[in-house]
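Trainee: coords below, sequence missing:
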């Protein structure tokens, strides 16, 4: 199955050990979670689960210029399951950075947990912008 154009990378540190996870959503709606590094899968930590999402919209300027690429965001998934402290770490311009932030702020999550207690979980979210194949020829940024 193809994976949705938005995914989460996050690192979690506990007792001096770091864990790196990838969390994504397939086109059939299934959540994909893979541990990419670290020791002891889970170690009492439960990853946040994406419950609902809003797709980031293209701006007319970016569409007209044929801009494609990714906006990377630093986000803290709060104990309330909402995105907090959203910051662009790598942007595209053309208004796409703010569109990515606006979309992520509308996503909802089941919060991450440590030993059954909800915890704030810092994540890096990649929001991909890809034009329709029938549209203007893309300019990779």
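Mentor: It's in. It should be emphasised that the depicted structure is a prediction, and the values quoted were computed from it without experimental measurement. Residues are numbered from 1 along each chain as shown.

Trainee: Just the pLDDT at residue 130, thanks.
Mentor: Confidence at residue 130, expressed as pLDDT, is 87.

Trainee: Check the one 4 residues further on too.
Mentor: In this prediction, residue 134 carries a pLDDT score of 61.

Trainee: likewise residue 101?
Mentor: We have a pLDDT of 96 for residue 101.

Trainee: The chain: strands as residue ranges?
Mentor: Per DSSP state E, the chain carries strands over the ranges 3-14, 17-26, 31-37, 45-46, 49-52, 67-77, 83-90, 108-110, 112-114, 117-119, 121-129, 139-140.

Trainee: So what are the sheet partners of the fifth one and their directions?
Mentor: The one in question is strand 49-52. Strand 49-52 has its sheet partners listed here by DSSP bridges as strand 108-110 (antiparallel).

Trainee: Now do the buried residues in the strand it pairs with.
Mentor: For strand 108-110, the neighbour count (16 or more other C-beta atoms under 10 Å) marks 108-109 as buried. (Glycine included, C-beta is placed from N, CA and C.)

Trainee: ditto for stretch 45-63
Mentor: For stretch 45-63, burial by neighbour count (16+ other C-beta under 10 Å) applies to 45-48, 50, 56, 58-59, 62-63.

Trainee: Just send these back as JSON lines, with distance to residue 102 and pLDDT too.
Mentor: Formatted as JSON lines, the buried residues of stretch 45-63 follow (distance: C-beta to C-beta, whole Å; pLDDT from 0 to 100):
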{"residue": "45", "distance to residue 102": "29", "pLDDT": "80"}
{"residue": "46", "distance to residue 102": "28", "pLDDT": "83"}
{"residue": "47", "distance to residue 102": "24", "pLDDT": "82"}
{"residue": "48", "distance to residue 102": "20", "pLDDT": "87"}
{"residue": "50", "distance to residue 102": "17", "pLDDT": "88"}
{"residue": "56", "distance to residue 102": "7", "pLDDT": "91"}
{"residue": "58", "distance to residue 102": "12", "pLDDT": "92"}
{"residue": "59", "distance to residue 102": "11", "pLDDT": "94"}
{"residue": "62", "distance to residue 102": "14", "pLDDT": "94"}
{"residue": "63", "distance to residue 102": "16", "pLDDT": "91"}
